[in-house]
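Q: take this sequence and fold it.
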Amino acid sequence: QVQLVESGGGVVQAGGSLRLSCAASGRTVSRYAVGWFRQPPGKEREFVAAISRSGSTTYYADSVKVRFTISRDDAKGTVYLQMNSLKPEDTAVYYCAADSTMISRTAPAQNDHWGQGTQVTVSS
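A: As a prediction, the model looks like this:
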C-alpha cells in the first residue's frame, strides 16, 4: 500500500507559476504510474497529467499541454507538477493518484491510490 501526500498549492496571480509535489510513502513510488487530476468547484474530477513507472512516457490534457510538466524523482519518492502560465480556469483542488499498472485518464475512480488534494487558486 502506498500513501500519497500533495503539497505546494496556494494562491497565485494569472500568469504565475506553482510546483506541486506528491510525496509517496509505504511502498517504493517507482512501482507505480502516477497522475495528477483536478476538480474545479462544482465540476467533475478531470485528468491533468500522468507519468509512466519508468518515467519515459508522459501524458497531458490538451488544456495544460506546454504549460504544465510532470516529472518524477524516485530517489526522493516524489512526483512533481510544474505549472506555468496559470489561468483562472486552472483553479481547482489538485489530486495525485497512483496505480501499479497505468493511470486511467478517463475513469479516475479506477486508479488505486489517492492523496487528499491541495487547493490551487489563480486570481485574475
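Q: if you skip the residues just before and after it, what's nearest to residue 71?
A: Using Cβ to Cβ, 6 or more residues apart in numbering and skipping residues adjacent in sequence, the residue nearest residue 71 is residue 80, 5.0 Å away. Backbone N, C-alpha and C define where each C-beta goes, glycine included.
Q: so what pairs up with that neighbour in the strands?
A: When bridges are called by DSSP bridges, residue 80 pairs up with residue 21, residue 71.
Q: what residues are up against it?
A: Counting by Cβ atoms under 8 Å, 6 or more residues apart in numbering, residue 80 makes contact with 19, 20, 21, 22, 69, 70, 71, 72, 73.
Q: what subset of those is buried?
A: The neighbour count (16 or more other Cβ atoms under 10 Å) marks 20, 21, 22, 69, 70, 72 as buried among the contacts of residue 80.
Q: tell me how far the last one lies from residue 104.
A: It stands for residue 72. Per Cβ to Cβ, to the nearest Å, residue 72 is found 18 Å from residue 104.
Q: excluding chain neighbours, what is closest to residue 70?
A: residue 49 (4.1 Å).
Q: so that neighbour sits against residue 62, correct?
A: No: here residue 49 lies out of contact with residue 62, judged by Cβ atoms under 8 Å, at a distance of 11.4 Å.
Q: more neighbours: which of the two?
A: The neighbour comparison of residue 49 against residue 62 (other Cβ atoms under 10 Å) goes to residue 49, with 26 against 6.
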